[in-house]
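Novice: Below is the structure, and that's it, no one-letter string:
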């Protein structure tokens, strides 16, 4: 059975790099990774926030947010939405 | 062929969680992950620093450092070493 992992990003350079390198590096036999672009899907910002995401890029696995480097604060995305 | 990935940590709770969840989630067919405890191997702090690591836990893949959340600053580890 695969576990769900959600990668939230906003299209920034830091985000794209982390997506290519890290989000796509997870074991496909174990994880089903969903990629969510919060700039294009602002309706999901609240969901990311509820999972504890404070900045992007971030990977949520097993309900825990893992912030990877720093691209943009979630609060800034909300202002732009 | 597997690529090398190095996970640097210092035994902190944030580090252990990231190791369990993220470092061990990489596709074993693609990545050979080396786990380095900088508290136990202070001789490798310089190597981590040279790779651009500023805090732990961090994963270095393809020469790029990915800082995962924040456990401790590398400078603090150096002072303790």
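Specialist: Alright, I've got the coordinates. A quick note: this is a predicted structure, and the numbers were derived from the prediction, not measured.
Novice: Sort out which residues of stretch A:67-81 are buried, please.
Specialist: A:67, A:68, A:69, A:71, A:72, A:74, A:77 (16 or more other CB atoms under 10 Å in any protein chain shown). The way it works is simple: take the backbone N, C-alpha and C, and place the C-beta from them, glycine included.
Novice: Need the contact partners of that stretch.
Specialist: For stretch A:67-81, contacts defined as CB atoms under 8 Å, 6 or more residues apart in numbering or on different chains pick out A:9-10, A:12-15, A:18, A:22, A:38-39, A:42, A:45, A:48-49, A:53-59, B:65-69.
Novice: Those residues in strands, which ones?
Specialist: Judged by DSSP state E, these include A:9, A:55, A:56, A:57, A:58, A:59, B:65, B:66, B:67, B:68, B:69 as members of strands.
Novice: what residues does the helix or strand where residue A:32 lies touch?
Specialist: Element membership for residue A:32 (DSSP states H and E) is strand A:31-37. Applying CB under 8 Å, 6+ apart, the contact partners of strand A:31-37 are A:2-11, A:19, A:23-24, A:26, A:44, A:48, A:61, B:25.
Novice: Thanks a lot, see you next time.
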